[in-house]
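1. task: produce atomic coordinates for the following.
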Amino acid sequence: TDGVPLFLEELTRTVVEFGMVDNSAGQEALESVIPGTLRDSLMARLDALGSSKEVAQLGALLGRRFQFEVLAAVSNKSESELRDEVQRVVDSGLLIRTGELSHATLRFKHALIQDVAYESLLRRRRRELHKEVAECLVAKFPDIAESEPEILAWHYKEAGLGAEAVEAFSVAGERALVSCAYEEAVHHLQSALDLLGQEPEGKDRDVREIALLQSISTPLTALHGYTYPKLEPLYARTLELEERSGNIGQRTLALFNDWAFHAVSGDRRSEPAAERLLQATQDVGQREQDLARYALGSNAFFSGYVDRALTHLTPVVDSFRQATDDLRDPESRKANSAGAFTAWMVRAWALVLAGHLDKAWQSICDALEAAQRKGDPFVLVQVLSHQAMVAHELAHDPSEIAQIAERTHTISEEQHLAQTLQSSRLVLG
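-> Numbering: from 1, shown residues only. The predicted structure follows:
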């Protein structure tokens, strides 16, 4: 059994069922009934169910855990027949039932049981059933389709309905992003991008791809840092598509992201990138112009021109501060994800170098207050990370610095945020 508990359990069951516990059957008879692999054993168990095997297969298609009501809605069996067959699968030990059958939750005892049941379906039949399940969820269980769009997306994908799957994965990704579930967001958004790449080229596909690329850049940055190598081609692709589309507002954000990648990398290409951003925002709104001024101010700061940096950054921070008044608004949240909090932090460091220590500390505290209201853990730990370092630079009490760093470390560890996790360890070390 190679130490696999489920395989050991299956072999024991086989030996007991065939009455071979006392070894009287002999080696040859024993070998004839003992399966060679765990999958063989589970497949034999499924085959032994007879007509009830179809119930196990359909359940496997619904997931590791599923509701009897959903199973009944997609099954072509009568309710009484379905009840009997579900109970037969439960009695076999392959499914575990929780609650009265009409409203029961059913769960496969082991993920491998679900895998074997699912793979035993012919590919064509599997695709047909996925389509039926997706249609059933939308028509009869809209609460599931709305609250768990990733389930709907998977069924669409396996049914070969690419466009519908892209839309559902996009919704799932955006929902995960709002909840700050960064790894989940990347998974769903990347699934949408992969499927979208299989769709015919055209303006509609470009628009959808731009939206997905912009969305996925946020959790990738949160998880891997601003200089994550995969971000550079992602930003280049976004710019290519946006120049083709002619959407100035969208192009501004792509140019800003391109500048940020080079700036944090310490790449001199950040200077022409900031100039391109400034030129692109000459005739657009205040929000876009603020991004350009932040880029110029940040470049000035990292080049040692502190006064010039403050000239650019101070009005930008004032503008961003006004925009944080209602962070519950989606547009305000989006605006304050790109540049707002980092502008606050760079300005704080510029004030430190200019000798305005009280103003520097106030600036970083203002940023923290706004970050806490925003409720995004990535933004919060970015501000906390800088607050700890500013506090150290200003010779604050070591216990205060350690408390800030420990909070940064805790949140970063919980959210798998590598960059701020390392910076907190640096401060604590």
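2. which secondary element of the protein has the worst mean pLDDT?
-> Sorting the helices and strands of the chain by mean pLDDT, DSSP states H and E puts helix 27-33 at the bottom, at a mean of 43.
3. following that one, which helix or strand comes up?
-> Next in sequence after helix 27-33, counting helices and strands by DSSP states H and E, comes helix 38-47.
4. can you give me the buried ones in that following helix?
-> Buried positions in helix 38-47, judged by neighbour count with 16 or more other C-beta atoms under 10 Å: 38, 41-43, 45-46. Every C-beta, even on glycine, is put in place using the N, C-alpha and C of the backbone.
5. so what's residue 343 closest to, chain neighbours aside?
-> residue 294 (4.5 Å; C-beta to C-beta, 6 or more residues apart in numbering).
6. what are the contacting residues of the longest helix anywhere in the chain?
-> Assignment by DSSP state H gives helix 203-224 as the longest helix of the chain. By C-beta atoms under 8 Å, 6 or more residues apart in numbering, the residues outside helix 203-224 that reach it are 166, 170, 173-174, 176-177, 182-183, 185-186, 189-190, 192-193, 196, 199, 228, 230-231, 234-235, 237-238, 241-242, 244-245, 247, 250, 253-254, 257, 337, 378, 415-419.
7. surely residue 384 meets residue 411?
-> Yes - assessed by C-beta atoms under 8 Å, residue 384 is found in contact with residue 411 at 7.5 Å.
8. which one's more surrounded, these two?
-> A direct count of neighbours by other C-beta atoms under 10 Å for residue 384 and residue 411 places residue 384 higher, at 28 against 18.
9. how close does the more buried one sit to residue 424?
-> Going from residue 384 to residue 424 by C-beta to C-beta, to the nearest Å gives 8 Å.
10. okay, and the common contacts of the two?
-> residue 408.
11. count of residues packed around residue 79?
-> Using other C-beta under 10 Å, residue 79 has 12 other residues around it.
12. report pLDDT for it.
-> Looking at residue 79, its pLDDT stands at 89.
13. got a list of what it touches?
-> Counted by C-beta under 8 Å, 6+ apart, residue 79 has contacts residue 72.
14. give me that answer again for 10 Å
-> Each residue near residue 79 by C-beta atoms under 10 Å, 6 or more residues apart in numbering is listed here: 68, 72, 101-102.
15. repeat for residue 292
-> 252, 255-256, 259, 274-282, 284, 312, 316, 339.
16. narrow these to those in helices?
-> Among the contacts of residue 292, DSSP H puts 252, 255-256, 259, 274-280, 312, 316 in helices.
17. ranking those residues by neighbours, who comes first?
-> For the ones in helices among the contacts of residue 292, the largest neighbour count, defined by other C-beta under 10 Å, is 30 neighbours, found at residue 259.
18. coming back round to it: mind checking which of the contacts of helix 203-224 land in helices?
-> Taking DSSP H, the ones among the contacts of helix 203-224 that sit in helices are 166, 170, 173-174, 176-177, 182-183, 185-186, 189-190, 192-193, 196, 231, 234-235, 237-238, 241-242, 244-245, 250, 253-254, 257, 378, 415, 418-419.
19. for PyMOL, what selects the buried ones among these?
-> Burial among the ones in helices among the contacts of helix 203-224 is assessed by 16+ other C-beta under 10 Å; the matching PyMOL selection reads:
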select buried, resi 166+170+173+174+176+177+182+185+186+189+190+192+193+196+231+234+235+238+241+242+250+253+254+257+378+415+419
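20. what's residue 134 sitting at in phi/psi?
-> Backbone torsions of residue 134, given as degrees, to the nearest 10, read phi -60, psi -50.
21. my guess is it contacts residue 140, does it?
-> No - Residue 134 is beyond contact range of residue 140, at 11.4 Å (criterion: C-beta atoms under 10 Å).
22. and for residue 54, the neighbour number?
-> Close neighbours of residue 54, defined as other C-beta under 10 Å, add up to 17.
23. now swap in residue 416 and tell me
-> 12.
24. for it, give me the pLDDT.
-> 90.
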